[in-house]
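Asker: Task: produce atomic coordinates for the following.
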Amino acid sequence: MSTAIQDNRADGPGGTTLLRVGSRDDPDRVLRSLGEQGAGGVVLVVGGIGTPMTGVVDLKRLARELRERPRPFTLVSTDRIVRTAARGEGLHAVPSLDGRGHVRRMVEFPVRATLRSARSVAGYGVPAGYATPLAKLRDALLGPVLLLAVIGVLIGAFLIFLYPSVDVALRLASARPAVRIKAVAEPALNLVDVARGRVPARIVDAEVTGNRRAAATGRRTVAVSRATGQVKLTNLTVGTIYLPAGSIVATPDDRRYVTVVDVTVPGTRGAGEDLEPGELTVAVAAEASGAAGNLGSGNIERMDGPLMFSLDVEQPGAIAGGTDRESVFVTEADRRALRDDLLNDLTAQAAAELAATVQEGEILRVWPLGAQNPTIVEASFDAAADQEVAEFGLDLRVRYFATVFLEADLHELVRGTLVGDVPGVEPEFEMVGDSLVVSEPEVGGVISGAVAVTVEGSGVLRRRIDVNEIRDALLDVPLGEADAYLQDLEGVAAYDLRFWPGHSERTTRLPFRVNVRIDRSSPFVGAP
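Answerer: Okay, the predicted model is just below:
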């Protein structure tokens, strides 16, 4: 036999042996211990289902042991399932040592305990098992308390089921209004502001880089060399004339040429047939380079400056050798076009990256191109405007911005607007169930990260009803007055007033005997 059984063996009522089976006892040892008791009566106390000696096999073995060695036997278990299984094997099973069930014991205890306490106070004797100080204290505390609780339950049952009562059933009126809200998704907010039509938002950004090359479109003619030739100078004076390099000779249409060397023109001598003019041929070049300086003979005919009346100029031959070439260069328009083209591609790339960060239920508004968006982090052309190159490139790094806000916040804004949810004021209406319907929002412009949004929605509304206020109004009033009050109650579509007993002329005085029920169903729920 296990140690637990030895420690829990005791003498039971009527000279029987009381054996208590612990949670760790071995069924074989329990049966052996049972056999050691001889022909005397045994009371075996076991636990609930699943503990030792409560299984079907253990009970069958126990029944067989008792059939082989008959004796008075009682199995005690508080578990009804164990008792039923034991009785199925022909064993005598009870819920407690005295045979009384839990319900009976609970009902009888307060009465018995109160009587024992009264006998003890009056000086009469009580059974030995209840004469100890601890038992007397338990009877004094629990007996009267439980008895008073039972009496209170009986009084409460009387008040609930027999005292006059009023029952009111209200069916609330409902409607589906619609609103159109011009709202703003504002990054500075944390909560929905129904009064101002604002919802919270957050700013996100994406930095993208790209490069591109393009052909230069600028075209112009560039002078390569200057036209050169000779002119003959005739001194109209008798004195020599010094003519420095760079002196100007010109055509009648003011095409200018310069002398390329310093010369001294001799004076003219003699007269008549003996006239010996002072002449000199000097090299000249076009003042400006290019083919425009080429000139046929006989076109240069004057000297510019103070010597124009002292020197006569002739052009005996052509001025030639001036050449041009075609030049390709970068224009400012080329740079702008390349920047805009690359910026458009980067805009699409940034929009895709920003959209990838948006979670379900969020709305993204990329800021339009302008003063705020994008921010140029780095921009580098490899050719300046007016530079002669066939093609040029641009490296560009930009940061794009977008504003993100929640669709649920727009729904909350519509709901709050419909019911009149203003801080510090109790809403006049309430929304029925999930009747809120919100259309796809129209997202507008962006100013400093704040996004303009237009949203429409509707919902089934009903007026808020204070049940306590109605209950107070219906206390101890004539039934006609109660009926008139309910008939004038705002927000109520229909009502049903019932009272008990039927011959009453006034309502009850007890608030808990006034039952107000509200039918919150609506024909509009679920309708778009």
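Asker: drop to CA atoms for contacts and neighbour counts, all remaining ones
Answerer: Fine.
Asker: which residues does Thr74 contact?
Answerer: For Thr74, the residues meeting the contact criterion (Cα atoms under 8 Å, 6 or more residues apart in numbering) are Val42, Val43, Leu44, Leu91, His92, Ala93, Val94.
Asker: one more time with 6 Å
Answerer: Thr74 makes contact with Val43, His92, Ala93 under the criterion Cα atoms under 6 Å, 6 or more residues apart in numbering.
Asker: how about the strands in the stretch 201-350 of the chain?
Answerer: 218-225, 228-235, 241-243, 248-250, 256-259, 263-265, 278-286, 302-303, 311-314, 323-329 (DSSP state E, counting those that start in this stretch).
Asker: quick one: the longest one to strand 218-225, angle?
Answerer: The one in question is strand 278-286. 150 degrees (axes from the mean of the first three to the mean of the last three Cα atoms, to 10 degrees).
Asker: and strand 278-286, which strands flank it?
Answerer: Strands that pair with strand 278-286, judged by DSSP bridges, come out as strand 228-235 (antiparallel), strand 256-259 (antiparallel).
Asker: now do the fourth one
Answerer: Strands flanking strand 248-250 in the sheet, each with its direction: strand 256-259 (antiparallel), strand 302-303 (antiparallel) (DSSP bridges).
Asker: Leu343 is nearest to which of the ones you listed?
Answerer: strand 256-259 (49.6 Å; Cα to Cα).
Asker: Just the C-alphas of the closest one, formatted as CSV.
Answerer: Extracted C-alpha coordinates of strand 256-259, given in CSV (Å, rounded to 0.1, in the frame of the first residue of the first chain):
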residue,chain,number,x,y,z
ARG,A,256,36.4,98.4,-93.0
TYR,A,257,39.9,97.1,-93.6
VAL,A,258,43.2,97.8,-91.8
THR,A,259,46.7,98.2,-92.8
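Asker: Just checking the distance from it to the centre of its chain.
Answerer: Remark: strand 256-259 is offset 81 Å from the chain centroid, using Cα atoms, centre = their mean, to the nearest Å.
Asker: do the same with stretch 414-432
Answerer: 22 Å.
Asker: now the strands paired with strand 248-250 in CSV, with mean pLDDT, mean neighbour count and distance to Asp193?
Answerer: Compiled in CSV, the strands paired with strand 248-250 are given as follows (pLDDT from 0 to 100; neighbours: other Cα atoms under 10 Å; distance: least, Cα to Cα, whole Å):
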stretch, mean pLDDT, mean neighbour count, distance to Asp193
strand 256-259, 95, 23, 80
strand 302-303, 93, 22, 88
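Asker: In CSV, list these along with distance to Pro200.
Answerer: What follows is these, written out as CSV (distance: least, Cα to Cα, whole Å):
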stretch, distance to Pro200
strand 256-259, 75
strand 302-303, 83
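Asker: out of those strands, nearest to Pro244?
Answerer: Of the strands paired with strand 248-250, nearest to Pro244 by Cα to Cα is strand 256-259, at 7.7 Å.
Asker: can you give me the helices for the protein?
Answerer: 3-8, 27-35, 56-68, 80-88, 102-122, 133-161, 332-356, 407-419, 467-473, 479-487 (DSSP state H).
Asker: what separates Tyr257 from Leu236, distance-wise?
Answerer: According to Cα to Cα, to the nearest Å, Tyr257 stands 21 Å off from Leu236.
Asker: ah, wrong one, I meant Ala283
Answerer: From Ala283 to Leu236 the distance is 20 Å (Cα to Cα).
Asker: The two: which is more packed in?
Answerer: Leu236 (21 against 18; other Cα atoms under 10 Å).
Asker: which ones are touching that one?
Answerer: Neighbours of Leu236 in contact, by Cα under 6 Å, 6+ apart: Ser310, Leu311.
Asker: gap between it and Ile470?
Answerer: Between Leu236 and Ile470 the computed distance is 131 Å (Cα to Cα).
Asker: With Asp386 instead?
Answerer: From Asp386 across to Ile470, the span is 87 Å (Cα to Cα).
Asker: For those two, work out which one has more neighbours and name it.
Answerer: Neighbours per residue (other Cα under 10 Å) separate Asp386 from Ile470, with Ile470 holding more: 18 against 13.
Asker: Leaving aside the residues adjacent along the chain, what's closest to that one?
Answerer: Val516 (7.8 Å; Cα to Cα, 6 or more residues apart in numbering).
Asker: can you check Phe429 too?
Answerer: Arg463 (4.3 Å).
Asker: What is the neighbour count of that neighbour?
Answerer: 18.
Asker: and what of the one 4 residues further on?
Answerer: Applying the criterion other Cα under 10 Å, we find 13 residues in the vicinity of Val467.
Asker: From Ser327, how far off is it?
Answerer: As judged by Cα to Cα, Val467 and Ser327 stand 92 Å apart.
Asker: which sections of the chain are below the confidence cut-off?
Answerer: 1-15, 98-109, 126, 128-131, 142, 158-162, 371-372, 520-528 (pLDDT under 70).
Asker: Am I right that the residue nearest to Phe429 is in contact with Glu490?
Answerer: No. Look at Arg463 against Glu490 with Cα atoms under 6 Å: they stay out of range, at 7.9 Å.
Asker: mind giving me the domain ranges of this protein?
Answerer: What automatic domain parsing lists as the domains of the chain is 3-99, 103-161, 220-327.
Asker: can you redo those domains as a markdown table with distance to Val168?
Answerer: What follows is those, written out as a markdown table (distance: least, Cα to Cα, whole Å):
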| stretch | distance to Val168 |
| --- | --- |
| domain 3-99 | 44 |
| domain 103-161 | 16 |
| domain 220-327 | 97 |
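Asker: Please produce JSON lines containing the strands paired with strand 278-286, extended by distance to Ala482.
Answerer: Formatted as JSON lines, the strands paired with strand 278-286 follow (distance: least, Cα to Cα, whole Å):
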{"stretch": "strand 228-235", "distance to Ala482": "124"}
{"stretch": "strand 256-259", "distance to Ala482": "118"}
